[in-house]
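> How does the following fold in three dimensions:
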Amino acid sequence: MAHLMKTLHEQVFLNISCFYDSPKLLKHKSCSYVPKVAKFQKYNGALLAMQGNGELASHVVNSFNHKIYIDNGGELNGIPHIQTLREFPREELFGKVVMVRFDSNILLKQECNQKNQSDFNALFTIKYLHEAGAKVILVSDWKTNTSELRTKSVADLLSEILQIQVVPLQGVSCKKLSEITGLKKENIFLLENLYNIKDEVANCLKYARELSSGVDIFVNDSFSNSHKVLASTVGVTRICYACVAGFHFEEKLRLMKNLAEANKKPYVAIIGGGNLAKKAASFRFLASRCQGFVFVGMMSFQIMNALGVPVPIDLVVRKAFSEAQDIVRLARDNNVTILYPKDFLCRNKTDPKQLHVFPSRGLLDGWMPVDLGPATLDEIGSMLTICKKIIWIGPVKFADRSEHTNGASKLAKVLVKLSQGNCETTVVGTTACQLVRQETSSLSTINMVENASVVWEFLKGRKLPGVLALDRAYPFKINWNNVYSDATQSLVVDIGSGNGLFLLEMAKRRKDLNFLGLEMNEKLVLRCLDSIQQFDIKNGHFIATNATSTFRSIVSSYPGELVLVSIQCPNPDFNKPEHRWRMLQRSLIEAVVDLLASGGKVFLQSDVEEVAIRMKEQFLRYCKGKLVLENGQTDWLDENPFGIRSDWEKHVLERGAPMYRMMFSKLSEISEVSCSNDVVQKVV
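Predicted structure coming up:
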């Protein structure tokens with residue numbers, strides 16, 4: 001044990017060890033440990049304080065100032081940087097129908113405690129939307145008989161918690177909401193229970209369309225369901241024009257991503273529960289970040305068996321033996337220390353009232369382990385005192401319906417005490433979170449994720465459908481002064497810039513403007529950036545991103561004016577209505593219109609007439625009346641107004657096929673004299 005304390009403290013020569021006085025069962029392997037540098041930004045989030053009406057919005061940015069993602073903008077275990085309600089323009093919520101998928105396990109539990117950060121953020125999402133002027137529709141599932149009375153009782157409960165009238169609606173669609181009489185604008189509405197609806201679990205697209213009919217914006221605040229594919233969390237995102245994460249969802253996602261941050265050492269994983277075979281894939285993730293595994297549940301016996309420790313036959317799961325051996329090898333290869341129970345509190349199978357403590361190597365037939373023994377608890381407590389980061393996932397449980405939870409309670413006390421010091425502690429699972437809540441009234445120093453299934457899926461490296469379905473956002477604020485020699489110049493953005501030939505040639509000819517290409521194909525972007533460097537272009541830049549969801553977050557931070565946006569020859573397949581990732585979504589068009597300077601231009605062209613017509617119709621539909629076809633244009637433009645053709649445009653014209661072009665202009669305010677208009681006129 002002393003050796004373990006020393007090695008964990010110094011972070012060198014970490015070894016596989018059994019921590020017992022008995023002979024070692026594995027070869028003792030030592031190697032120098034070189035800490036891995038994890039490149040993450042530190043979380044500085046603070047618990048939100050509920051404010052009165054009119055004050056909620058002012059606290060959003062300051063209260064959620066955390067950003068945790070890999071420094072190259074890549075995805076972490078399939079989790080992208082998603083668009084959140086905090087980042088979504090508040091003014092865009094006014095008058096919109098917003099559906100919130102809330103977590104019934106939080107808002108409908110016996111006592112909703114606003115001092116609990118999870119409870120508070122779940123409430124904050126709904127109150128924030130309501131205060132922003134959105135028409136809020138709530139939807140969820142809860143375990144009860146589906147009836148109007150039950151839905152009404154849930155609505156009454158939510159009304160009491162939110163202090164806002166929640167009105168139950170018949171059916172699972174808000175399509176005819178505007179036709180219902182006697183409802184006040186300030187009301188919040190609740191759709192019927194989704195529990196036991198087969199189409200919900202099957203993610204039926206027809207059902208998802210019915211559920212989200214008439215909805216503009218979808219807010220997912222049910223993180224506990226993010227590992228499932230449901231109509232109310234995944235299906236509806238194909239219909240709503242903007243899909244973002246609520247404050248509770250964002251908080252839990254931040255906690256999950258934080259598990260991957262390995263800059264605090266020693267980092268130890270306390271692992272309870274069973275089903276080792278199903279969870280074995282998670283240990284590769286944990287072994288790459290942790291310095292120690294502490295087994296406190298049924299998995300202990302499988303690990304002990306793999307290490308050669310005698311285990312009663314009825315406690316061994318034969319089909320998990322291979323996985324247990326793999327975990328032992330993985331720990332050895334990654335210099336991760338393994339700690340399993342030294343003793344157990346056992347119950348006599350024939351006389352349940354008889355309890356006795358046995359060493360782990362001396363378990364007798366006829367006795368069933370029901371809890372951790374005192375020596376084990378002391379050893380775990382001593383080990384954890386030097387840790388800087390801990391995750392506890394899975395219950396301390398060795399027998400079904402065991403009432404002996406002394407070990408779990410003691411562990412909870414230790415973690416609460418450590419979390420109040422300099423140890424970052426995350427507790428996962430309903431049972432563990434309940435024990436922690438019983439030990440302290442102050443939960444601001446300890447991270448809790450109630451749904452362990454989501455975390456296990458994340459640790460296995462699997463993609464979370466409920467997260468991936470949300471709109472993505474660009475993860476970093478760009479230092480434009482490092483991108484352009486003069487970041488105050490007017491900006492031209494080409495969406496779907498492809499190989500960049502059009503934009504590169506424009507940048508060479510127009511030194512008085514800055515040019516930005518947004519392209520999903522990362523390989524093409526890398527080539528374009530090489531060309532920028534090769535030709536020493538100071539007014540051009542390219543970003544690998546999906547502009548459909550990141551345009552606003554990228555361009556809104558630019559210090560100069562946006563004077564021109566071009567979209568040239570998008571892939572026709574992207575424009576099928578059933579494909580949610582089509583380029584011209586309403587959210588992108590509204591972002592372009594909002595950020596474009598007065599008098600600014602939007603240039604659209606395609607070699608497929610149907611695509612060009614669709615782009616034209618979409619811009620006219622969602623431009624909020626702020627765009628007009630330039631010079632009263634009724635037919636397609638005969639010539640490219642820039643005098644510079646893209647590579648694809650050249651290819652189309654060389655084969656004698658037509659191009660379908662149009663130019664929009666943003667209307668100027670009557671009282672505004674726009675200097676940017678002159679700049680744009682020079683571009684074309």
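
> What sits closest to W480 if chain neighbours are left out?
Computed as Cβ to Cβ, 6 or more residues apart in numbering, the closest residue to W480 that is not its neighbour in sequence is A487, at 3.9 Å. Heads up, the C-betas are built off the backbone N, CA and C, glycines and all.

> so that neighbour makes contact with G560?
Yes: judged on Cβ atoms under 8 Å, A487 makes contact with G560 at a distance of 6.4 Å.

> intersection of neighbour lists for those two?
Common neighbours of A487 and G560, using Cβ atoms under 8 Å, 6 or more residues apart in numbering, are N514.

> For F285, which three-state class applies?
Here F285 is recorded as helix under DSSP: H, G, I helix; E, B strand; the rest coil.

> Pull the contacting residues for the residue nearest to W480.
W480, N481, N514, Y558, P559, G560.

> between those, which has the most around it?
Tallying neighbours with other Cβ atoms under 10 Å puts N514 at the head of the contacts of A487, with 26 neighbours.

> okay but that one is in contact with T488, surely?
No: assessed by Cβ under 8 Å, N514 is found out of contact with T488, at 9.0 Å.

> Determine the residues that are contacts of both of the two.
Common neighbours of N514 and T488, using Cβ under 8 Å, 6+ apart, are G560.

> check contacts around the residue nearest to F301 when sequence neighbours are not counted.
In this structure, F301 finds its nearest non-sequential neighbour in L315, 4.3 Å apart by Cβ to Cβ, 6+ apart. Listed by Cβ under 8 Å, 6+ apart, the contact set of L315 reads M298, F301, L363, P369.

> got a pLDDT number for the third one?
pLDDT, the model's per-residue confidence, is 89 for L363.

> For it, which non-adjacent residue is closest in space?
P312 is the one closest to L363 (Cβ to Cβ, 6+ apart), at 5.5 Å.

> Count the neighbours of that neighbour for me.
Each residue near P312 was counted by other Cβ under 10 Å, and the total is 14.

> C346 versus that one, what's the distance?
To C346, P312 is 10 Å away according to Cβ to Cβ, to the nearest Å.

> shared neighbours of the two, which are they?
Listed as contacting both P312 and C346 by Cβ under 8 Å, 6+ apart are L363.

> residue ranges for the strands of the stretch 301-450 of the chain, please.
Using DSSP state E, counting those that start in this stretch, the strands of the stretch 301-450 of the chain run over 337-339, 343-348, 355-359, 367-372, 389-393, 424-428, 447-449.

> Give the residue spans of the protein that score low on pLDDT.
When residues are selected by pLDDT under 70, those of the chain lie in 1-78, 110-116, 144-149, 172-185, 400-404, 442-444, 572-583, 669-684.

> these two touch, right, L503 and I543?
No: L503 is beyond contact range of I543, at 11.7 Å (criterion: Cβ under 8 Å).

> mind listing the helices for the stretch 401-550 of the chain?
Using DSSP state H, counting those that start in this stretch, the helices of the stretch 401-550 of the chain run over 406-419, 430-439, 452-459, 465-468, 480-483, 501-509, 522-534, 547-555.
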